[in-house]
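A.B. asks: Sequence and predicted structure, then a few things I'm wondering about:
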Amino acid sequence: IPVVYPVALALDFGLSHEEFSIWFGILTLVVVEVGLISPPVGMNLFVINSMSKGTSIGQTFLGVTPFLISDLVRTVILVAFPSISLFLVQWLY
């Protein structure tokens, strides 16, 4: 994050510094979440698989596919429309 944040800030997404910080934080959390459930390194998949005896890791990977697809779609939407993640913040302040 300390390396990527200044580079992303310099790309000028048309947001103020505060808005960009909030949007980038939300986007970072979503991407980390996708990384935790995506094969081959998805740590959450190995935890789930170890708790369900008799289920292969392949079945666990297949079972998480719809969630992975929906998370990727959500990530694309958040990148395309940053105002979605900023709506609640702008409404409250």
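C.D. replies: Now that the structure is in, tell me what you want to look at.
A.B. asks: Could you use CA atoms for every contact and neighbour count after this?
C.D. replies: Noted.
A.B. asks: tell me the centre residue of this structure?
C.D. replies: Closest to where the C-alpha atoms of the chain average out (Cα atoms, centre = their mean) is residue 30, at 1.7 Å.
A.B. asks: tell me the contacts of that residue?
C.D. replies: 71, 75 (Cα atoms under 8 Å, 6 or more residues apart in numbering).
A.B. asks: try residue 55
C.D. replies: Residue 55 touches residue 49, counting by Cα under 8 Å, 6+ apart.
A.B. asks: and residue 75, what element?
C.D. replies: helix 57-80 (DSSP states H and E).
A.B. asks: residue ranges with poor pLDDT in the chain?
C.D. replies: The chain contains no residues with pLDDT under 70.
A.B. asks: Please, where are all the helices along it?
C.D. replies: Remark: helices assigned in the chain by DSSP state H are 4-10, 17-37, 43-51, 57-80, 83-92.
A.B. asks: now the angle between helix 57-80 and the third one, please.
C.D. replies: Between the direction of helix 43-51 and that of helix 57-80, the angle (axes from the mean of the first three to the mean of the last three Cα atoms, to 10 degrees) works out to 150 degrees.
A.B. asks: For helix 43-51, give me every contacting residue.
C.D. replies: Outside helix 43-51, the residues within contact range by Cα under 8 Å, 6+ apart are 36-39, 55-57, 60-61.
A.B. asks: 6 Å - rerun?
C.D. replies: 36-37 (Cα atoms under 6 Å, 6 or more residues apart in numbering).
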